[in-house]
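1. Generate a structure from the sequence data that follows.
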Amino acid sequence: MKRLLLLNGPNLNRLGQREPKTYGHHTLQDVESLVTEAASAYHYKLECFQSNHEGELIDRLHEAEGTVAGVIFNPAAYTHTSIALRDAIASISVPVVEIHISNVHAREEFRHHSMLAPVCMGQIVGFGIEGYRIAALGLINKLENEGREADG
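-> As a prediction, the model looks like this:
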């Protein structure tokens with residue numbers, strides 16, 4: 001069975017409690033269940049990891065090489081500051097989709113720039129936790145279509 005990695009950055013362990021007007025009332029477990037269900041419908045197994053520590057996120061990205069077909073990544077605040085995460089994504093051949101619950105482009109100016117977007121396959125913003133499902137389905141579609149193109 002093919003595998004995907006759902007990677008969540010700092011403070012996402014506080015979903016459901018943290019700023020509900022911005023992030024809603026759903027928990028990280030709700031997110032993981034939503035993406036697990038979407039992925040399993042296409043015969044993908046989901047591995048989930050959340051950390052508030054940049055180095056642990058980098059390590060998980062490195063470990064993704066050769067072990068998962070793709071990564072769905074909400075880097076949270078590191079989106080706007082982490083050259084190290086950008087370099088980690090650029091160093092692997094595994095496709096990464098960047099996801100944000102809120103529309104970061106409609107928020108504070110400092111949130112408008114993503115250090116990671118240029119090295120990611122795509123970016124989903126502003127759809128709440130549904131964005132995770134959209135990211136998973138888009139990633140799976142891309143992976144499956146690339147597989148068919150390579151075969152034929």
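
2. any residues touching the strand or helix carrying Ile99, and which ones?
-> Taking DSSP states H and E as the criterion, Ile99 maps to strand 96-100. Residues outside strand 96-100 that contact it (CB atoms under 8 Å, 6 or more residues apart in numbering): 61, 70-75, 79, 89, 114, 116-117, 119-126, 131-132, 135, 138-139. Yep, even glycine has a C-beta here, placed from its N, CA and C like the rest.

3. And the lowest mean pLDDT element among the helices and strands of this structure?
-> One helix or strand of the chain scores below all others by mean pLDDT, DSSP states H and E: helix 20-23, with a mean of 66.

4. re the thing from before, got the buried residues for the strand holding Ile99?
-> When neighbours are counted by 16 or more other CB atoms under 10 Å, the buried residues of strand 96-100 are found to be Val96, Val97, Glu98, Ile99, His100.

5. Pick out whichever of those sits closest to Asn8.
-> When the buried residues of strand 96-100 are compared for distance to Asn8 (CB to CB), Ile99 wins out at 9.0 Å.

6. Pairing partners for that closest one in the sheet, please.
-> Beta-bridge partners for Ile99, by DSSP bridges, are Ile124.

7. Now distance to Gln17 too, for the buried residues of strand 96-100, in JSON lines please.
-> Formatted as JSON lines, the buried residues of strand 96-100 follow (distance: CB to CB, whole Å):
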{"residue": "Val96", "distance to Gln17": "27"}
{"residue": "Val97", "distance to Gln17": "26"}
{"residue": "Glu98", "distance to Gln17": "24"}
{"residue": "Ile99", "distance to Gln17": "20"}
{"residue": "His100", "distance to Gln17": "18"}
